[in-house]
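> missing the sequence, but the structure's below:
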């Protein structure tokens, strides 16, 4: 099974929503956003979002044959979990951002890892379904970097309320893609 371009783009946008929301918050927390801030944040978030699906895919390929009969349910469960978690998190009030520069050092690495854990689960799902991973990973990384660039640059103008809506949209997209996987597998 291979995903269509629309599905890959949907997954990429869905996964990028956490990083986008964090980028908006970073833009709000910085007194003045420079090109260095933008590059560091977009590069690291994009890189982590590119690598994590590959790691998940490698893990999924190891166990794919033994769970072939119910792999579509696992893929749905993982995507529904990630999407549901995003919806749950979107309803909680969060602090507007850290006082320290979120685009530097351990804070940046921690944020990059935290926003890309969902991509690991998606990569695992793709590995279980036998989907090739390089193209989706590249698209996920590029979309994430692009949305993070937009998020940090317009963070102050957009306001923190949009980060919540972006997270809700991302959660819905991931759940919908999970449902599509189940319906496609059961129907064909």
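Received, thanks. Worth saying up front: this structure is predicted, and the values here are computed from it rather than measured.
> which residue ranges form the helices in the chain?
Under the criterion DSSP state H, the chain contains helices at 5-29, 35-63, 71-90, 105-129, 134-153, 155-158, 160-187.
> list the helices and strands the longest one packs on?
Using 3 or more C-beta pairs under 8 Å, 6 or more residues apart in numbering; DSSP states H and E as the contact criterion, the secondary-structure elements in contact with helix 35-63 are helix 5-29, helix 105-129, helix 134-153. (C-beta placed from N, C-alpha, C; glycine too.)
> winner for burial among those?
Sort those by mean neighbour count, taking mean count of other C-beta atoms under 10 Å, and helix 5-29 sits at the top with a mean of 24.
> What helices and strands are in contact with it?
Helix 5-29 sits against helix 35-63, helix 71-90, helix 105-129, helix 134-153, helix 155-158, helix 160-187, with contacts defined as 3+ C-beta pairs under 8 Å, 6+ apart.
> quick one, it and helix 35-63 angle?
Put simply, helix 5-29 runs at 140 degrees to helix 35-63, going by axes from the mean of the first three to the mean of the last three C-alpha atoms, to 10 degrees.
> I'd like the mean pLDDT over helix 5-29, please.
What helix 5-29 shows for mean pLDDT is 86.
> burial measure for the residue lying closest to residue 10 once chain neighbours are set aside, as a count.
Leaving out its chain neighbours, the residue that sits closest to residue 10 by C-beta to C-beta, 6 or more residues apart in numbering is residue 173, at 5.2 Å. Neighbour count for residue 173, taken as other C-beta atoms under 10 Å: 21.
> looking at it, residue 173 is touching residue 83, isn't it?
Yes - with contact defined as C-beta atoms under 8 Å, residue 173 and residue 83 form a contacting pair (7.3 Å).
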